[in-house]
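>>> What follows is a predicted protein model with its sequence.
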Amino acid sequence: MTTEESKIDISILSSWLEKKKPVTVLDVRPKTEREEWSIPGSVHADVYDKLKAGDTNALDHIELNIGIPVVTVCAAGKTSLKAAELLKDKGFEVYSLEGGMKAWNFAWSTAEVVLNDVKIIQIRRSSKGVLSYIIGSDDEAIVIDAALDSHVYLDLANKNGWTIKYVTDTHIHADYLSRTRELAKASIATHVLIDAANVEYGYSPVSNGDYLHFGKAALEVIYTPGHTMESTSFRLGDDAIFTGDTLFVDGVGRPDLKADQDEAIKRSRLLYASLQRLLTLNPKTFVLPAHLATAVPFDGKLISETIENLKDKLDMLKLKESEFVKYTTSRIPPTPPNYLTIASLNKQGSYDGHIPADLEAGANRCAIA
Ligand SMILES: [Fe+2]
């Protein structure tokens, strides 16, 4: 086996996981890196230093299922190749993940649901737990929070016989580079954003209460500031609401990015009011957020909860305003180093000269749970 033959790329590993092919994904990165983000279902061998030092016995104590292929993973695909060579010598069918976690940053899968003849496809960037959507009715579709190359959305639209009529973001993201502008350029879609969006490029403004019509359906624009000042939700009748980073299935958005204490308190109050508004929607409405706090498994299961389930499940939604403000502002996670850079690039609408994989590596920190 040559070095080339012992590598697989992220699309092959993604399809194996999606098809539930028996495979052991062996993560050989240092523990601290693995704690930051990992491939769902992977196992860890804390052997990075030994592998780097050329220790040929590094994997001797690791117990792996005989007869099941192994995919070794590291940060960029070099150390994992060493691990693959050692396992090959032990008789395993083994592959190294090309590009490592840096490449895995772009691995994605989908889940879908049809509600009243409207098809919603949730496109999930697994590693970051980033969720974007293409929503189709008849021959038209809307894309919300594009987070992957345009071809992903254009291919899904083609496959379903849709023309993308509108593209939009629920807010200026800080944890990944929005691909919405690229998608608008690569399609005939109109790029719409809430009129409160303070961005440095041209867009078609919409206001609270406006409707975006596509096919036989429409999304209502609901302004839900708090996580950020321009945060917006999009409501599909009584069936679903796309909540961005305002309301998740396991928490709410953090109100503090680029905010001092006073500003965080102000945003926390706005977030409270926005959440109260969302909680008045039909209890059966499906909440479709822009994130999951953990990596997304390749299980095809839609990440969503109804309003009534969230009311029941999330104690923070039962708090009074003052308690909510205290709770959220006391539980704000640290801001990852690249967030401010990413947010400012998204505001500019261009990331020319920046490498997305470098800026976006790691899990997201948009939530308070
Ligand atoms: Fe966010």
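Sure thing, it's come through. The structure displayed is predicted, hence computed values, not measured ones.
>>> Please pull up the helix or strand immediately following the lengthiest helix in the chain.
Counting by DSSP state H, the longest helix found in the chain is helix 261-279. The helix or strand immediately downstream of helix 261-279 is strand 286-289, counting by DSSP states H and E.
>>> what sits up against that following strand?
Under the contact criterion Cβ atoms under 8 Å, 6 or more residues apart in numbering, strand 286-289 has outside partners 113, 115, 120, 122, 131, 133, 239-245, 247-249, 278, 302-307, 310. Every C-beta, even on glycine, is put in place using the N, C-alpha and C of the backbone.
>>> quick revisit: how about the longest helix of the chain, does it get close to the ion?
No: Helix 261-279 stays clear of the ion (Cβ under 5 Å from the ion), getting no nearer than 11.9 Å.
>>> that older thread, just the buried ones from the contacts of strand 286-289?
The neighbour count (16 or more other Cβ atoms under 10 Å) marks 115, 120, 122, 131, 133, 239-245, 247-249, 278, 302-307, 310 as buried among these.
>>> So which of the contacts of strand 286-289 belong to strands?
Secondary structure assignment by DSSP state E places 113, 115, 120, 122, 131, 133, 240-244, 305-306 of those in strands.
>>> Please list which of those are also close to the ion.
Counting by Cβ under 5 Å from the ion, nothing from these sits close to the ion.
>>> from the chain, which residue is nearest to the ion?
Nearest to the ion, among the residues of the chain, is residue 245, at 3.6 Å (Cβ to the ion).
>>> Skipping its backbone neighbours, what lies nearest that residue in space?
With sequence-adjacent residues excluded and distances taken as Cβ to Cβ, 6 or more residues apart in numbering, residue 245 is closest to residue 253, at 3.8 Å.
>>> Check residue 68 too.
Nearest to residue 68 is residue 22, by Cβ to Cβ, 6+ apart, at 4.9 Å.
>>> Break down the stretch 251-369 of the chain into its helices, ranges please.
261-279, 307-313, 321-330, 339-348, 356-360 (DSSP state H, counting those that start in this stretch).
>>> thinking again about what came up before, the residue of the chain closest to the ion against residue 293, yeah?
No: Residue 245 is beyond contact range of residue 293, at 11.2 Å (criterion: Cβ atoms under 8 Å).
>>> circling back to that earlier point, could you dump the helices of the stretch 251-369 of the chain to a markdown table with mean pLDDT and distance to residue 106?
Supplementary listing: the helices of the stretch 251-369 of the chain in a markdown table, determined by pLDDT from 0 to 100; distance: least, Cβ to Cβ, whole Å:
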| stretch | mean pLDDT | distance to residue 106 |
| --- | --- | --- |
| helix 261-279 | 94 | 30 |
| helix 307-313 | 97 | 30 |
| helix 321-330 | 94 | 31 |
| helix 339-348 | 92 | 15 |
| helix 356-360 | 84 | 7 |
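>>> any chance of these in a markdown table, plus distance to residue 104?
Output for the helices of the stretch 251-369 of the chain, formatted as a markdown table (distance: least, Cβ to Cβ, whole Å):
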| stretch | distance to residue 104 |
| --- | --- |
| helix 261-279 | 32 |
| helix 307-313 | 30 |
| helix 321-330 | 31 |
| helix 339-348 | 18 |
| helix 356-360 | 10 |
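>>> before we move on, back to that, was I right about the residue nearest to residue 245 contacting residue 268?
No: the pair residue 253 / residue 268 is not scored as a contact, 10.2 Å apart, by Cβ under 8 Å.
>>> Comparing those two, which residue is more hemmed in?
More neighbours surround residue 253 than the other of residue 253 and residue 268, with 30 against 25 (other Cβ atoms under 10 Å).
>>> Specify the beta-bridge partners of that one.
residue 367 (DSSP bridges).
>>> How is the protein divided into domains?
If you go by automatic domain parsing, the domain ranges for the chain are 4-103, 107-368.
>>> Show me which of the ones you listed has the highest average neighbour count.
Mean neighbour counts were taken over these using mean count of other Cβ atoms under 10 Å, and the top value, a mean of 19, falls to domain 107-368.
>>> how far out from the middle of the chain is that one?
On the basis of Cα atoms, centre = their mean, to the nearest Å, domain 107-368 sits 9 Å off its chain's mean C-alpha point.
>>> Number the chain from 188, please
Yes, from this point I'll number from 188; that puts the last item at domain 294-555.
>>> show me what contacts residue 470?
Residues in contact with residue 470 (Cβ under 8 Å, 6+ apart) are 493-495, 498.
>>> now residue 400: how far from residue 494?
The gap separating residue 400 from residue 494 is 24 Å, by Cβ to Cβ, to the nearest Å.
>>> Check residue 520 too.
The value you get for residue 520 to residue 494, if Cβ to Cβ is used, is 25 Å.
>>> Am I right that residue 328 sits in a strand?
Yes: counting by DSSP: H, G, I helix; E, B strand; the rest coil, residue 328 is located in a strand.
>>> Let me see the contact set for the closest residue to it other than its chain neighbours.
Distances taken as Cβ to Cβ, 6+ apart place residue 349 nearest to residue 328, at 3.8 Å, with adjacent residues excluded. Taking Cβ under 8 Å, 6+ apart, we find residue 349 in contact with 321, 323, 326-328.
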